[in-house]
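Trainee: here you go, sequence then predicted model.
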Amino acid sequence: MWIAYRIVMRIALYEPEIAGNVGAILRLAACMDVAVDIIDPCGFPFSDKKLKRSGMDYAERVDLARHADWPTFRRAKPGRLILMSSKAETLLGDFTFQPEDTLLMGKESAGVPDEVRAVCDAAIRIPMASGLRSFNISVATGIAVFEALRQTGQLPVG
């Protein structure tokens, strides 16, 4: 008997620091049918009220995996690893996504360290008005996930 595995886009959060952002991303992931990887340590208790309030009951519908640290995540992660970074040269609209990509979001205060950036298959950025530093991580995740799903024909139809 053959088992069909569903290819699914993933969001990976590298050492997230703000519970409300993670909750919003979990809600996004549920609504867009995208899996989420959380790479510990988190900067808050994972049972935090802010996480529950922003994720609401949607978080229960997310294919969620927690990883003890970066090496543990790297051993488990299939597909390409695409870093979202305000420092990247390649623009979101110029990048071609694949269905099994994992979009890596860095920690809110510092992004990712150089050794993490070095192993990513690509780094892309969302264009924005000059003179501004960055989007909120949950907003950036929503923009990037929508474009990745649109390109790969994985947008939810419901």
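Mentor: Looks like it came in fine.

Trainee: what is the burial count for the closest residue to residue 40 other than its chain neighbours?
Mentor: Counting by C-beta to C-beta, 6 or more residues apart in numbering, residue 40 lies nearest to residue 68, which is 5.6 Å off, once chain neighbours are set aside. Yep, even glycine has a C-beta here, placed from its N, CA and C like the rest. Neighbours of residue 68 under the rule other C-beta atoms under 10 Å: 10.

Trainee: which stretches of the chain form helices?
Mentor: Applying DSSP state H to the chain gives helices spanning 19-32, 49-55, 70-76, 114-119, 137-152.

Trainee: ok, back up a step: surely the residue nearest to residue 40 meets residue 37?
Mentor: No. Contact criterion C-beta atoms under 8 Å: residue 68 and residue 37 do not qualify, at 11.7 Å.

Trainee: need phi/psi at the residue nearest to residue 40.
Mentor: phi -60, psi -30 (degrees, to the nearest 10).

Trainee: per-residue pLDDT of it, please?
Mentor: pLDDT for residue 68: 95.

Trainee: related to what we said a few turns ago, of the helices of the chain, which is nearest residue 100?
Mentor: For these, the distance to residue 100 is smallest for helix 137-152, at 9.0 Å, taking C-beta to C-beta.

Trainee: lowest-pLDDT helix or strand in the protein?
Mentor: Least confident helix or strand of the chain, by mean pLDDT, DSSP states H and E, is helix 49-55 with a mean of 59.

Trainee: if you skip the residues just before and after it, what's nearest to residue 109?
Mentor: Closest to residue 109 by C-beta to C-beta, 6+ apart is residue 17, at 6.0 Å.

Trainee: quick one: contacts for that neighbour?
Mentor: 42, 43, 44, 107, 108, 109 (C-beta atoms under 8 Å, 6 or more residues apart in numbering).
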